[in-house]
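Chemist: Structure, please.
(4 chains)
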Number of protein chains: 2
Amino acid sequence: MTVSSPRPAPRLTPVPPQPVRRRDAERTRAELLEVATQVFADSGYTGARVDHIAERTATTKRMIYYYFGSKEKLYLAVLEKAYRGIRDAEHEVQVSDLPPAVALRRIAERTYDHHLDHSDFIRLVSIENIHRGEHITRLESLRGINSDAVGLLDTILARGRAEGTVRDGVTALDVHLVISAYCFFQVANRYTFGFLFDRDLLDPALRDHHRALIGDVVVAWLSTGGATPSA
Amino acid sequence: MTVSSPRPAPRLTPVPPQPVRRRDAERTRAELLEVATQVFADSGYTGARVDHIAERTATTKRMIYYYFGSKEKLYLAVLEKAYRGIRDAEHEVQVSDLPPAVALRRIAERTYDHHLDHSDFIRLVSIENIHRGEHITRLESLRGINSDAVGLLDTILARGRAEGTVRDGVTALDVHLVISAYCFFQVANRYTFGFLFDRDLLDPALRDHHRALIGDVVVAWLSTGGATPSA
DNA sequence: GGGCGAACGTACCGATTGGTACATTGCGAG
DNA sequence: CTCGCAATGTACCAATCGGTACGTTCGCCC
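Modeler: Below is the predicted model:
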């Protein structure tokens, strides 16, 4: 991660070529937020140290209080940005024209990859649940931020039911729950599971297997036996 | 929890009626461990305060260090006891003579209830994973403590495969993973999920639905085309 | 019955932690 | 240019936290 150029990289050259490190409120705030995200995800809310966050930035602790006011408000900002970021990262799969079973499998597999690629976010969610959601409940604007994902599932399920290829009696939220639980667990419980069963859930060699697995589960679960629409 | 008798409770009465609060190493240690379990599960490792644990017992902080040596060793003792306790609480289901599909459904449903009934344990596991399992990996004796559960699954799967009622290519650990993930998520992510989707996963009114759901998933997933017995 | 060690309580400590008072500097407006 | 405020840095504080020095008491054993 460190820049290891052969040159000694003289730090205090007479004239800075670009206005590096000039005053820039936006950049300072953004840097604090990014570093804070890493530290909070790394150590939890209580475990994270304000001094530690400041040390990892080019600015000082004073700026945390200047821009965010308190450790808790900083954490709230981190949480909100993380949730919004994760929504933006979910570029929706183009599944509208696929057969429901294929679409469902693809959604499950995408969700799996999405979770594995955002383990910091998963950790923040775990941390927030340890704290009984006392912070996130204050971010009212985040409520229903995932409704798109559920809405998409609902569309597919409805189409499948109409076709007779998807079973009745299962809601989109149920499906979302099953998929999310599986994917979340792999990232969140990596360490205890790996220790107890001697299997690293995030071993790259297992990734294809685990991705296919949740697809299999969802398709097998939701598909009606044949093309026979069961009443 | 506090003794609130109407009497002023004179502290130095000549003869205590019963030998209340006599010296008892076993009891003191056990009380510390129990209270520590609650506090750690409640606040996380870093969030838990040694003083706070001591306050909630009939003894003092000094005794924590007398019996356990440090906050971390106390936490290790809590973790070990919790894992052993959860294993003991898993009185195995009598499923050896049931049809595989029925047995699998019953295991899934039992696992669901088991998780919901031990949310403190679930929280400890979450906490330990936030800390990347750095503590549990030092409790080597816990390794494979759940192998019985997987072994049972393996037996049932093997029988089902022999009968032709259970599909090939799925390991017992895969099944355990799917079931555990689903059950774990409901307890561990109760707060964020409840906030985002306005559904309290642990609402008693939903318990039957959620219990049946994981049974359905497992049976549908693992059963070959043949008849899928329902509960 | 008295001695002796396990069990326990009090009172304290040094380090850490979230937070702040206050001085200073860069930069855009006029 | 210079004035004024946003932005930043330094040095510090009061409270908290994990941990401990030291003294006391209970109860078993010979």
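Chemist: Can you pull out the low-pLDDT segments for chain A?
Modeler: Within chain A, the ranges that satisfy pLDDT under 70 run A:1-21, A:225-231.
Chemist: Next, the angle helix B:172-188 makes with the host helix or strand of A:H176.
Modeler: In the assignment (DSSP states H and E), A:H176 maps to helix A:172-188. For helix A:172-188 against helix B:172-188, the angle between stretch directions is 110 degrees (axes from the mean of the first three to the mean of the last three C-alpha atoms, to 10 degrees).
Chemist: Report all helices and strands that helix A:172-188 contacts.
Modeler: Under the contact criterion of 3 or more C-beta pairs under 8 Å, 6 or more residues apart in numbering or on different chains; DSSP states H and E, helix A:172-188 touches helix A:100-116, helix A:119-130, helix A:147-163, helix A:204-222, helix B:172-188, helix B:190-197, helix B:204-222. Every C-beta, even on glycine, is put in place using the N, C-alpha and C of the backbone.
Chemist: Relative to the whole chain's centre, how far out is that helix?
Modeler: For helix A:172-188, the separation from the chain centroid amounts to 12 Å (computed by C-alpha atoms, centre = their mean, to the nearest Å).
Chemist: cool, and stretch A:186-194?
Modeler: Its chain's C-alpha centre and that of stretch A:186-194 lie 16 Å apart, by C-alpha atoms, centre = their mean.
Chemist: what's the burial count for A:E134?
Modeler: A count of neighbours around A:E134, defined by other C-beta atoms under 10 Å in any protein chain shown, yields 11.
Chemist: got the contact list for A:S119?
Modeler: When contacts are counted by C-beta atoms under 8 Å, 6 or more residues apart in numbering or on different chains, A:S119 is found next to A:V187.
Chemist: one more time with 10 Å
Modeler: A:S119 makes contacts with A:A41, A:Q186, A:V187, A:A188, A:R190, A:L202, as judged by C-beta atoms under 10 Å, 6 or more residues apart in numbering or on different chains.
Chemist: Same question for A:A89.
Modeler: Taking C-beta under 10 Å, 6+ apart, one finds A:H114, A:D117, A:H118, A:F121 in contact with A:A89.
Chemist: Nearest to A:I136 among these?
Modeler: For the contacts of A:A89, the residue nearest A:I136 by C-beta to C-beta is A:F121; the value is 12.6 Å.
Chemist: re earlier: how about the contacts of A:A89 in JSON lines, adding distance to A:L142?
Modeler: Output for those, formatted as JSON lines (distance: C-beta to C-beta, whole Å):
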{"residue": "A:H114", "distance to A:L142": "18"}
{"residue": "A:D117", "distance to A:L142": "21"}
{"residue": "A:H118", "distance to A:L142": "16"}
{"residue": "A:F121", "distance to A:L142": "13"}
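Chemist: buried ones in the helix or strand hosting A:Y66?
Modeler: Using DSSP H and E, A:Y66 sits in helix A:61-67. Neighbour-count burial for helix A:61-67 flags A:K61, A:M63, A:I64, A:Y67 (criterion: 16 or more other C-beta atoms under 10 Å in any protein chain shown).
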